[in-house]
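Enquirer: Sequence plus the predicted model coming up.
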Amino acid sequence: MGNVVILGAGLMGSAFSTPLADNGHAVRLVGTHLDGDIIEEIHESRTHPRLRVRLPDAVTPYTYDRLGEAMAGADLVVVGVNSLGVEWAAAQLGKVLPPQTPVLMLTKGLEGDGARLKLLPHILAAGLPPQVQAGLRIAAVGGPSIAGELAVRRHTCVVVTGTDAALLEQLAAMLRTPYYHVWPNPDFIGVETCVALKNIYALAVGVVGGLLEKEGKGSNDAVMYNLSAAIFAQGLWEMAYLVELAGGRRASVYTLPGAGDLYVTSMGGRNGRMGRLLGLGMAYSQAKQQHMAEETIEGAELALAIGPTIEQMIAGGKLDAARLPLMRAMIRIVCDDAPAEIPWDDFFRE
């Protein structure tokens, strides 16, 4: 059994400790500089205040200033910060990460530099010192996984992805339990692109909740599942275009990393709550400031992170605007406070 360090004591980082602990690993859960209250509560009561579950006894909480101490003898480092914290995580790990220690990313997202889109594992790697980068072994988990369900051992199906086949098999064996089902998937680009993009399309599906609330049910109590399904399908259509363009496999779009993760993310959570506000007619900046000021809405953060680059890539002929109508609409809604209007007539074009 091994020693596993998880950096990030939020919902997913903490929930991920459950299958690891159940497999006999010693887990050191290190909070970020924003997780002080969480770490204190776990230390005092063993209960995570946001997951509302008792963490296994094999999980030991650490504050971020004790990361070096937690890293002693680590066999695996798991990065579970939010998408805005990847550069911070790289700066912290760069001081203490032992050479050749595998890094497993839970954090999902993309960034744009004006010319191209970059995966967050690559951003993390670029932030590490050259001597650490040289021997870096990095992988990632992708697929439909709600933290609250994983924390209470509900059946969950994911893939572990990377470019080192032997490492993927090793990680899958470390993680598998009777309820946590893990398959190796070598399509690193496809998986990571899907699990990042799903957030912006889940935000779009969430808009329907606001539209329904604003317009009301039909005279026969009909709701708007047809509408949600069409947005969901267009999201997959656009994902497939971007994944293949990046060099990934279309199969990842239609399995756990794409369709599976988009489905579970569309069922609720922060993207859904923000989508509802947008569908009610509220501008994004107003909705964020008045209703979700302290929360990270991953779909909106993705639009802000890649929106300008998407438009520049379109202008430079690197992307086909006709293949991304829903993404461009969501970028306008978030970045420009545009009204939540769905471009139906532009859907499903080759």
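Expert: Happy to help now that I have it.

Enquirer: How many neighbouring residues does the spatially closest residue to Pro102 that is not a sequence neighbour have?
Expert: Distances taken as C-beta to C-beta, 6 or more residues apart in numbering put Arg137 closest to Pro102, at 4.5 Å, once the chain neighbours are dropped. Backbone N, C-alpha and C define where each C-beta goes, glycine included. When neighbours are counted by other C-beta atoms under 10 Å, Arg137 registers 18.

Enquirer: Can you name the residues that contact Arg137?
Expert: Contacts for Arg137 (C-beta atoms under 8 Å, 6 or more residues apart in numbering) come out as 100-103, 162, 164, 167.

Enquirer: can you check Leu211 too?
Expert: Counted by C-beta under 8 Å, 6+ apart, Leu211 has contacts 224, 227, 279, 340.

Enquirer: So Ala293 belongs to a helix, correct?
Expert: No. Using DSSP: H, G, I helix; E, B strand; the rest coil, the secondary structure at Ala293 is coil, not a helix.

Enquirer: mind listing the helices in the stretch 51-200 of the chain by residue range?
Expert: 67-70, 86-96, 120-126, 130-133, 147-151, 165-175, 188-215 (DSSP state H, counting those that start in this stretch).

Enquirer: next structured bit after the longest one?
Expert: Reading on from helix 188-215 to the C-terminus, the next helix or strand found by DSSP states H and E is helix 225-246.

Enquirer: Pull out the buried residues from whichever helix or strand comes after that next one.
Expert: Using DSSP H and E, the helix or strand that follows helix 225-246 in sequence is helix 250-253. Across helix 250-253, burial judged by 16 or more other C-beta atoms under 10 Å covers 252-253.

Enquirer: Please work out which residues outside helix 250-253 touch it.
Expert: Contacts for helix 250-253 (C-beta under 8 Å, 6+ apart): 185, 187, 190-191, 193-194, 236, 239-240, 243-244, 258-259.

Enquirer: ditto for stretch 318-334
Expert: So stretch 318-334 is contacted by 116, 200-201, 203-204, 231, 234-235, 238, 241-242, 245, 278, 284, 299-300, 303-304, 306-307, 310-311, 313-314, 338-343, 346-347, 349-350 (C-beta under 8 Å, 6+ apart).

Enquirer: quick revisit: which members of the contacts of helix 250-253 are the farthest-apart pair?
Expert: Longest distance between any two of the contacts of helix 250-253 is 17.3 Å, between Asn185 and Leu236; criterion C-beta to C-beta.

Enquirer: which one of those two has more residues nearby?
Expert: Taking other C-beta under 10 Å, Asn185 and Leu236 do not tie; Asn185 has more neighbours (24 against 19).

Enquirer: Looks like that one contacts Thr161 (just checking).
Expert: Yes. Asn185 is within contact range of Thr161, at 4.7 Å (criterion: C-beta atoms under 8 Å).

Enquirer: list the contacts for the residue nearest the centre of the chain?
Expert: Centroid-nearest residue in the chain, with C-alpha atoms, centre = their mean: Lys108, separated by 3.4 Å. With contact taken as C-beta under 8 Å, 6+ apart, Lys108 is in contact with 83, 120, 142, 192, 195-196, 199, 298.
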